[in-house]
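1. output the structure for:
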Amino acid sequence: MKINEIRGKDDSEILFDMEETEKEMFQMKFRSLTEGNTDPAKIRRLRRDIGRMKTILCERKQGIRGQESR
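-> Numbering: from 1, shown residues only. This next block holds a predicted model:
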């Protein structure tokens, strides 16, 4: 997910996407432990997406950046 896509969403949408991404990452990690590492690059992408979402939420909370025009 690109940073501009995340910035175009409301906080509630970002929180929902973050929860879904965290669930997906947990399932991928669990699957990689039981079945072998199928796609380690996807786990990395998911982890970075979660970090981007947390960063945007933190920026908005601190007033660094608000919601840009969509």
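2. biggest helix in the chain, by residue count?
-> In the chain, assigned by DSSP state H, the helix with the most residues is helix 11-35.
3. just the element for the residue positioned nearest the centre of the chain, please.
-> Closest residue to the average C-alpha location of the chain: Ile50 at 2.6 Å, with C-alpha atoms, centre = their mean. Assigned by DSSP states H and E, Ile50 falls within helix 40-62.
4. hmm, who's touching that helix?
-> Contacting residues not belonging to helix 40-62 are listed as 1, 3, 6-7, 11, 14-15, 17-18, 21-22, 24-25, 28-29, 32, 65-67 [C-beta atoms under 8 Å, 6 or more residues apart in numbering]. Just so you know, the C-beta spots here come from the backbone N, C-alpha and C atoms, and that holds for glycine as well.
5. now swap in stretch 12-25 and tell me
-> Under C-beta under 8 Å, 6+ apart, the answer for stretch 12-25 is Met1, Ile6, Lys9, Ile43, Leu46, Arg47, Asp49, Ile50, Met53, Lys54, Ile56, Leu57.
6. widest-spaced pair of the residues you listed?
-> Put simply, by C-beta to C-beta the two of the contacts of stretch 12-25 set farthest apart are Lys9 and Ile43, 22.9 Å from each other.
7. any weak-confidence spans in this protein?
-> Under the criterion pLDDT under 70, the flagged ranges of the chain are 66-70.
8. rerun that using 80 as the cut-off
-> Where the chain drops to pLDDT under 80, the residues are 36-38, 65-70.
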